[in-house]
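Student: Below is the sequence, then the predicted model.
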Amino acid sequence: QVQLVESGGGLVQAGGSLRLTCAASGLTFSRSTMAWFRQAPGKEREFVAAMNWSGGSTYYADSVQGRFTISRDNAKYTLYLRMNNLKPEDTAVYYCAAGSRYYTDYSQQGGYNYWGQGTQVTVSS
């Protein structure tokens with residue numbers, strides 16, 4: 001059974017930082033494309049960042065480029081999202097997602113097979 005468990009969310013002031021963690025199990029993590037998505041209240045879920053199976057390629061939404069960094073530790077079956085210079089508009093539930101190593105349409109949700117339950121990030125102004 002595949003499980004993705006996010007942690008690290010919380011309440012932070014604007015300009016602050018957080019690091020989200022996604023612990024994976026039940027899948028071949030090193031052969032999975034991994035991504036972060038988020039959903040703000042009243043809005044659709046949107047792409048944040050993705051990393052290919054080897055960690056050699058990363059992709060970011062324009063809104064987080066330069067502030068967020070996605071990384072992975074294949075030996076630990078763990079995905080990370082370092083978020084710096086947080087803004088109130090970053091407030092959302094953040095989800096970890098896993099897809100096939102061959103999946104390359106990184107920003108599209110449909111190709112990800114597994115999702116975590118989400119972790120809340122709230123940025124106060």
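Tutor: Received it, and whenever you're ready, just let me know what you need.

Student: which non-adjacent residue is nearest Trp115?
Tutor: Using C-beta to C-beta, 6 or more residues apart in numbering and skipping residues adjacent in sequence, the residue nearest Trp115 is Ala97, 5.2 Å away. Using the backbone N, CA and C atoms, a C-beta is placed for each residue, glycine as well.

Student: try Phe47
Tutor: Excluding its sequence neighbours, the residue lying closest to Phe47 (C-beta to C-beta, 6+ apart) is Ser107, at 4.0 Å.

Student: separation between that neighbour and Asp90?
Tutor: Separation of Ser107 from Asp90 (C-beta to C-beta, to the nearest Å): 17 Å.

Student: neighbour count winner among the two?
Tutor: Asp90 (22 against 15; other C-beta atoms under 10 Å).

Student: Now do the contacts for that one.
Tutor: For Asp90, the contact set (C-beta atoms under 8 Å, 6 or more residues apart in numbering) comprises Arg38, Val64, Met83, Val121, Val123.

Student: returning to what we had before: is the residue nearest to Trp115 in a bridge, and if so with what?
Tutor: Going by DSSP bridges, Ala97 is paired in beta bridges with Ala35, Trp115.

Student: hang on, it packs against Gln117?
Tutor: No. With contact defined as C-beta atoms under 8 Å, Ala97 does not reach Gln117; the gap is 11.7 Å.

Student: so who does the residue nearest to Trp115 touch?
Tutor: Taking C-beta under 8 Å, 6+ apart, we find Ala97 in contact with Leu4, Met34, Ala35, Trp36, Phe37, Gln109, Tyr112, Tyr114, Trp115, Gly116.

Student: Tell me which helix or strand the first one sits in.
Tutor: Take DSSP states H and E as the rule and Leu4 turns out to sit in strand 3-7.

Student: Name the residues that touch that strand?
Tutor: With contact meaning C-beta under 8 Å, 6+ apart, strand 3-7 is reached by 20-26, 94-98, 114-119.

Student: Right, I'll call it a day here.
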